[in-house]
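Chemist: My questions are about this predicted structure, shown below with the sequence.
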Amino acid sequence: MDNTYYAHNEVIVSSKEGVQHKQGVDATEPIKIKGIFLIDAEPSPDTIAFQEFEGKKDLTKEEKYQIFMEHAEKVAKNLGVPILFLDGESTMA
């Protein structure tokens with residue numbers, strides 16, 4: 001999570017079962033992971049420009065895929081969930 005304020009590359013679940021955050025809304029239920037996903041795209045020009053502004057280099061589609069698969073394959077197998085590749089655009093928040 002460090003240094004990702006302006007990027008959206010994580011899904012954060014910050015609750016537990018039985019918490020009612022707002023009156024009139026049902027309390028939270030158990031969390032069930034249904035899949036692990038990656039936006040399968042080259043970085044957008046805006047993302048590249050932001051990374052360069054920050055003095056960093058964005059990863060290519062292939063570099064992201066390799067890192068993702070190093071970790072996601074084992075996790076997905078252990079959880080019994082699919083790995084999903086979403087056709088989209090890697091963007092800045």
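Modeler: Ah, there it is.
Chemist: Going by residue numbers, what spans are helices in this structure?
Modeler: Residue ranges of the helices in the chain, as given by DSSP state H, are 45-53, 61-79.
Chemist: would you turn those helices into TSV with mean pLDDT and distance to Ile31?
Modeler: For glycine as for every other residue, the C-beta is placed from the backbone atoms N, C-alpha and C. Formatted as TSV, the helices of the chain follow (pLDDT from 0 to 100; distance: least, C-beta to C-beta, whole Å):
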stretch	mean pLDDT	distance to Ile31
helix 45-53	87	29
helix 61-79	93	12
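Chemist: Among these, which comes closest to Gln20?
Modeler: Gln20 lies closest to helix 61-79 among these, at 27.4 Å (C-beta to C-beta).
Chemist: from the middle of its chain, how far away would that closest one be?
Modeler: Mean-position distance between helix 61-79 and its chain equals 12 Å (C-alpha atoms, centre = their mean, to the nearest Å).
Chemist: and it, C-alpha only, in CSV?
Modeler: Extracted C-alpha coordinates of helix 61-79, given in CSV (Å, rounded to 0.1, in the frame of the first residue of the first chain):
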residue,chain,number,x,y,z
LYS,A,61,2.1,-5.5,-19.8
GLU,A,62,4.5,-8.5,-20.0
GLU,A,63,6.4,-7.5,-16.8
LYS,A,64,3.2,-7.1,-14.8
TYR,A,65,2.0,-10.5,-16.1
GLN,A,66,5.2,-12.3,-15.0
ILE,A,67,5.2,-10.8,-11.5
PHE,A,68,1.4,-11.4,-11.2
MET,A,69,1.7,-15.1,-12.2
GLU,A,70,4.6,-15.7,-9.9
HIS,A,71,2.3,-15.0,-6.9
ALA,A,72,-1.3,-15.4,-8.1
GLU,A,73,-1.1,-18.9,-9.5
LYS,A,74,-0.2,-20.5,-6.1
VAL,A,75,-2.8,-18.4,-4.2
ALA,A,76,-5.6,-19.1,-6.7
LYS,A,77,-4.8,-22.8,-6.5
ASN,A,78,-4.9,-22.8,-2.7
LEU,A,79,-8.2,-20.9,-2.7
